[in-house]
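**Student:** This is the structure alone, sequence omitted:
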């Protein structure tokens, strides 16, 4: 890690962009955040390449609306964007995995006890590979907000979980994409754990009128930037 | 020109629908010569099991090479040889996980030294806003472990958290997220 100290504008360490491990407002962190400092390895030790994913990606894995006999209930949407490295280069042929709640805010998970209906036509998981320009594309339904027990009357804003590999071991990222204008965003400790406003904003997708298909589906655009090979500090745009 | 990185968020409690895949814990096929079984538990700061964690192993092959997309094998197409060096396992209600794999070879360090055989382990869980990275070293590699450049960065009293225990032929490795015998985690 390079503490940034030179160049134009204020530079920050990559680390300071990320949520801390301990964020007491998110109660789940209290007994799970490491209490001892992480051990820093010299540069390069985490620069070995991303793995071969041991399963095949099928042609329709990116269409979450076509995995069952009928169409799922809810607002059909297209979610698309590019996966880039820190230098702005597209990451081709990289795996993007997503999972989400259904339109009623319920996951197909036996531990999800939210009394909202399951949808027999929606499993809520998909995978795809980025194309030659680093683009991914999913067709899904807009997930619902759902309650959780973090604090009184706690509700998660609507979100889609994303999992990415990128080019290196250190590129690995699991994160969540949110929707613009969601009134739950300022009240969500998971999103608010990200220290700077610009960082939080980077997890909020944008309505994409260009990709929206007339008479069929609204589109949201969300680009993802992964760590590349070396730890390079970058300019703070704040 | 540099682009700001996308921040991390927790995997949450409901990743079961999206991330685990069938036989994900079998990095090597059962019955294969030399296959080793790894078992352990993920525990929180109270020593209680973490039933909603996901572990990934990325490891080198027996020659110390990481297999990658750059090998020209791609990801689309026919099913993969099981020994891609990558596996995934979620914890059960007791916080327990297990993997089957083959022992990796020693790998070169970026500075030219040799790293003892090890497995890279990534830990995701509800309550982890970022994933954690640790390593499993082998208990019978005493000489290689003694000169391993990464183990030598760790204060001696904590090194044992990175070395699996041989329990009747099964390698046992617990991940303690917090507390007295907290596992050593590495900055990513």
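**Tutor:** Arrived safely, thanks for sending. Computed from a predicted model, the values in this text were never measured in an experiment.

**Student:** what residue ranges in chain A score low on pLDDT?
**Tutor:** Scanning chain A for pLDDT under 70 picks out A:1-15, A:230-238.

**Student:** What segments of chain B are helices?
**Tutor:** For chain B, the helices defined by DSSP state H cover B:142-146, B:156-159.

**Student:** Give me the number of neighbouring residues for the closest residue to residue A:210 other than its chain neighbours.
**Tutor:** Take residue A:210 and drop its neighbours on the chain: the residue closest to it by C-beta to C-beta, 6 or more residues apart in numbering or on different chains is residue A:219, 7.6 Å away. To be clear about C-beta, it is placed using only N, CA and C from the backbone, and glycine gets the same treatment. Neighbour count of residue A:219, defined by other C-beta atoms under 10 Å in any protein chain shown: 20.

**Student:** Which one of the helices of chain B lies nearest to chain A?
**Tutor:** helix B:156-159 (7.8 Å; C-beta to the nearest C-beta).

**Student:** So for that closest one, what gets flagged as buried?
**Tutor:** residue B:159 (16 or more other C-beta atoms under 10 Å in any protein chain shown).

**Student:** what does that helix rub up against?
**Tutor:** For helix B:156-159, contacts defined as C-beta atoms under 8 Å, 6 or more residues apart in numbering or on different chains pick out A:36, B:151, B:182, B:184.

**Student:** at 6 Å what do you get?
**Tutor:** Here helix B:156-159 makes contact (C-beta atoms under 6 Å, 6 or more residues apart in numbering or on different chains) with B:151, B:184.

**Student:** ranges for the strands of the chain?
**Tutor:** No chain was given, so I picked chain A. A:11-12, A:76-85, A:95-100, A:125-129, A:135-141, A:146-148, A:154-156, A:159-164, A:173-178, A:206-207, A:218-221, A:224-226, A:234-235 (DSSP state E).

**Student:** Please refer instead to chain B.
**Tutor:** Under DSSP E, chain B gives strands at B:36-43, B:53-58, B:86-90, B:96-101, B:107-108, B:114-115, B:118-125, B:132-137, B:165-167, B:170-172, B:175-176.

**Student:** got these as CSV, with mean pLDDT and distance to chain A columns?
**Tutor:** Converted to CSV, these look like this (pLDDT from 0 to 100; distance: least, C-beta to the nearest C-beta, whole Å):
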stretch, mean pLDDT, distance to chain A
strand B:36-43, 98, 9
strand B:53-58, 97, 5
strand B:86-90, 96, 4
strand B:96-101, 98, 12
strand B:107-108, 94, 8
strand B:114-115, 96, 8
strand B:118-125, 98, 6
strand B:132-137, 98, 7
strand B:165-167, 97, 21
strand B:170-172, 98, 21
strand B:175-176, 98, 9
